[in-house]
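**Student:** structure, please.
(2 chains)
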Amino acid sequence: MTSGKSLEPLKARVLKDAVTSNLDAIHGRLPEPLRPVRRRLHQWSRPAPRLAFSVAVVIASAGLARWPASARAVPDSAVAAVPGNAQAALNAAPDPFLSQQVHPNVLALSVRRVIVDAGHGGDNLGTSSADGVNEKDVTLDIAERVRQLIVQRGFEAVMTRTEDETRSLQQRAATANRRHGDIFVSIHLNSLRPSSARGIETYYLGPSDGPEFDAIAAAENRHSGYSLGDIRSLLEKIYTDARRDESRRLAESVQRALVLNLRKTAPAIRDRGVKMAPFMVLVATEMPAIVAEVSCLSNEDEARHLNTAEYRQTIAEALVSGIQTFAYGSRVSATERRGTNGS
Amino acid sequence: MAAEKQSGGAAEKQPGNEVLTVGIDLGTSRSAISSSNGKQFVVDSFVGWPADLVARKVLQRDLLIGREALDNRTMLDLHRPLERGVLKEGSEKDVEAARELLRHLLSLVNPKNSKTQPVRAVVGVPAAAMRTNKQDLRNALKGMVDSLMIVSEPFAVAYGLNALLHTMIIDIGAGTTDFCVMKGRYPTDDDQRSLTAGGDSIDTQLMRLIQTRYPTASFTVFMVREWKERYSFVGDAPEPVIVTVPVNGVPTRIDVTDEMRTACESIVAPIVETMLDLLLHVEPEFQEHVRKGVILAGGGGQIRNLGPTLERALERVGGGKVKVIEGPVFVGSDGGLALAKDAQDSDWDRLSN
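**Tutor:** Numbers count the residues shown, from 1 in each chain, chains lettered A, B, ... in the order given. Purely as a prediction, here's the structure:
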């Protein structure tokens, strides 16, 4: 490979770097982020990628500023800074292996077993509507409907609770992990201020997009059974996990299905989008996982809809349809695969 | 496969204070150690504790490691410490398993003076483990050796092969496939990628495919793994793959050629995509060098016809060369040993545990 005189100084240099990197770890220092100074940026002939790179770095550093130093990792957004022409090259000449069709069943990522988590339960009522309907009862009803639909469509379903019982988030995650679920779908209802606020939103794990989502996460995490220290260390370990990318895809597909289907019944419903937040139950599960806030109990109109079995069935069908889209879309395209590279 | 290989060159010069220097490849499936006293060993990365009192009575042991653990798995609480390339979160047993594995490897090369002789170790771990929990790994291995350096496995491979400049190491392991572009410096996160496709994902798919075609045949993932290690290929089949399995209790020969191909080829697309993507991130004037310096390491690198298949994929970006490492078992640990020997005493002092 490398030979001659140039090898020894090269070896000395990488060895020195390796030692430094280890010393950084010992002393809890961050490795120099990307070591951009040493990159030969000036030699990048095309301006576009350079711009994209810097923008990505800026976005990334802004987004991560809230995070403890040790939790920082190279964000996906840095990876996304692929030169446009390079992307075109990838798409232009399809490799025979990239285009071959594989049945979802043989894909490692395919979905067979869905863990259905009915939010709250038992002593943990969740949120309540003005006329006293509790979140825990509605989520259980929807979860049971989801379970039936999932089984009908050839998947397996595992419920984290089947009756009105108190289960910690830790127990729920343990069930999901023990039963080796392929995906985890947690069903919740939102409570928003003011009461005129409404809409559907779906979360996957990540640093929260804003303080208002922190509040929602804090409410859902209240009965987690984990300490703050646990949360911190779990997050640090999970943050760069490839799961996050799959979770985001699942969240997007479920959110889309929910909005499309529920608008038929409740046209005024608001699409609050796919969001990231540090929900405990998402941290502790070992599979792609989402929290779907399928409706808003604090809103009078939505609460009224939720009182009808028909609407709850529509929600269940939308959830399952989103899950299915995700399951059959598991063949990862070139663009999406890049995200799962985990760097 | 608790294989052992005593290499000939035992006449390594030992430092005056008789420090034992070792390179260790802590892998998801197998772990290897190369020692400055010339010894080399490889063990399956399985650690098992007797599941209950009965198992302990039967096994007469408190701990089983490697092949032995695998063979007695029904009686064990079995752990693979670096499954999927990382130390699993919050699992003390996995941390303990990693420690036991390391302890076992060290005892193999240094059975007599393991208590007294100072040990300096370079441990290569999957790139994913480096990124997510370097600190945990260090803590987990604390106190096992006198001085410890942890590096990413593909880097150790590159160092051992003197392939430090304009090369790309593709290390196809069991839990992960690690990519690393060597640019004449210690690889940053930017130079590396890790896929969760690897030997294990091939096993899973092979298992499902055979189950689908022969629903009555009974076999385990461990049998499937052995078939894969013997017969894996992509592209044209070098020979029909015929294996013997019990069908309704009767040993029966079944043809799994197509299943073998499909399962092995399942990792090709992600590997090609990642390889091309990493290439795009190489400075333009060096891309050709890197394309011609692709090195296929790890057990998965032994899949027949995989090298030429990757070369075909490189053709559309200007062509390249893929070198398959023969006998890849000790490449990583030898690389670690080379690093360990080259490191200065002052470095080791600072890296003491």
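
**Student:** show me how far stretch B:102-113 is from its chain's centre.
**Tutor:** Here the centre of stretch B:102-113 is set off from its chain's centre by 19 Å, with CA atoms, centre = their mean, to the nearest Å.

**Student:** what's the mean pLDDT across stretch B:171-187?
**Tutor:** Per-residue pLDDT values across stretch B:171-187 average out to 88.

**Student:** repeat for stretch A:168-184
**Tutor:** Per-region confidence: stretch A:168-184 scores 87 on mean pLDDT.

**Student:** hmm, it in reach of chain B?
**Tutor:** No: applying CB under 8 Å from any CB of the partner chain, one finds that stretch A:168-184 is not in contact with chain B, the shortest distance being 10.0 Å. C-beta: built from backbone N, CA, C; applies to glycine.

**Student:** first to last residue in that stretch, what's the distance?
**Tutor:** The stretch stretch A:168-184 measures 15 Å between its terminal residues, going by CA to CA, to the nearest Å.

**Student:** quick check: residue B:217 touching residue B:210?
**Tutor:** Yes: Residue B:217 sits in contact with residue B:210 when judged by CB atoms under 8 Å, with a separation of 6.9 Å.

**Student:** got any residues that touch both of those two?
**Tutor:** Taking CB atoms under 8 Å, 6 or more residues apart in numbering or on different chains as the criterion, residue B:217 and residue B:210 both touch residue B:254.

**Student:** if we ignore the residues flanking it in sequence, what's nearest residue A:150?
**Tutor:** Counting by CB to CB, 6 or more residues apart in numbering or on different chains, residue A:150 lies nearest to residue A:157, which is 4.2 Å off, once chain neighbours are set aside.

**Student:** neighbour-wise, which of residue B:217 and residue B:210 wins?
**Tutor:** Neighbour count, other CB atoms under 10 Å in any protein chain shown: between residue B:217 and residue B:210, residue B:210 has more, with 22 against 17.

**Student:** nearest to chain A: which residue in chain B?
**Tutor:** residue B:186 (3.1 Å; CB to the nearest CB).

**Student:** before we move on, the earlier item: sec struct for the residue nearest to residue A:150, please.
**Tutor:** strand (DSSP: H, G, I helix; E, B strand; the rest coil).

**Student:** specify the beta-bridge partners of it.
**Tutor:** Beta bridges link residue A:157 to residue A:114 when assigned by DSSP bridges.

**Student:** gap between it and chain B?
**Tutor:** Counting by CB to the nearest CB, to the nearest Å, the gap from residue A:157 to chain B is 20 Å.

**Student:** surely that residue touches residue A:114?
**Tutor:** Yes: contact status for residue A:157 versus residue A:114: in contact at 5.3 Å, counting by CB under 8 Å.

**Student:** and the two? which has more neighbours close in?
**Tutor:** When residue A:157 and residue A:114 are compared on other CB under 10 Å, the one with more neighbours turns out to be residue A:114, at 28 against 22.

**Student:** am I right that residue B:24 falls within a helix?
**Tutor:** No: going by three-state DSSP, the assignment for residue B:24 is strand, not a helix.

**Student:** contacting residues for it?
**Tutor:** Residues in contact with residue B:24 (CB under 8 Å, 6+ apart) are B:31, B:32, B:33, B:34, B:102, B:105, B:121, B:122, B:123, B:124, B:333, B:336.

**Student:** what separation do you get for it and residue B:343?
**Tutor:** The gap separating residue B:24 from residue B:343 is 14 Å, by CB to CB, to the nearest Å.

**Student:** one more: residue B:169?
**Tutor:** When residue B:169 is compared with residue B:343 (using CB to CB), they lie 20 Å apart.

**Student:** for these two, indicate the residue with more neighbours.
**Tutor:** For residue B:169 versus residue B:343, neighbours defined as other CB under 10 Å are more numerous around residue B:169 (31 against 20).

**Student:** so what's residue A:315 closest to, chain neighbours aside?
**Tutor:** The spatially closest residue to residue A:315, leaving aside those adjacent along the chain, is residue A:294, at 5.0 Å (CB to CB, 6+ apart).

**Student:** residue contacts, the one you found?
**Tutor:** The contact partners of residue A:294, taken as CB under 8 Å, 6+ apart, are A:142, A:187, A:188, A:189, A:200, A:258, A:315, A:318, A:319.

**Student:** of these, buried ones?
**Tutor:** When burial is judged by neighbour count using 16 or more other CB atoms under 10 Å in any protein chain shown, the buried members of those are A:142, A:187, A:188, A:189, A:200, A:258, A:315, A:318, A:319.

**Student:** domain-wise, how is chain B divided?
**Tutor:** B:4-160+B:330-350, B:199-265 (automatic domain parsing).

**Student:** check those domains for me: which has the lowest mean pLDDT.
**Tutor:** Set side by side, the domains of chain B give their lowest mean pLDDT on domain B:4-160+B:330-350, at a mean of 82.
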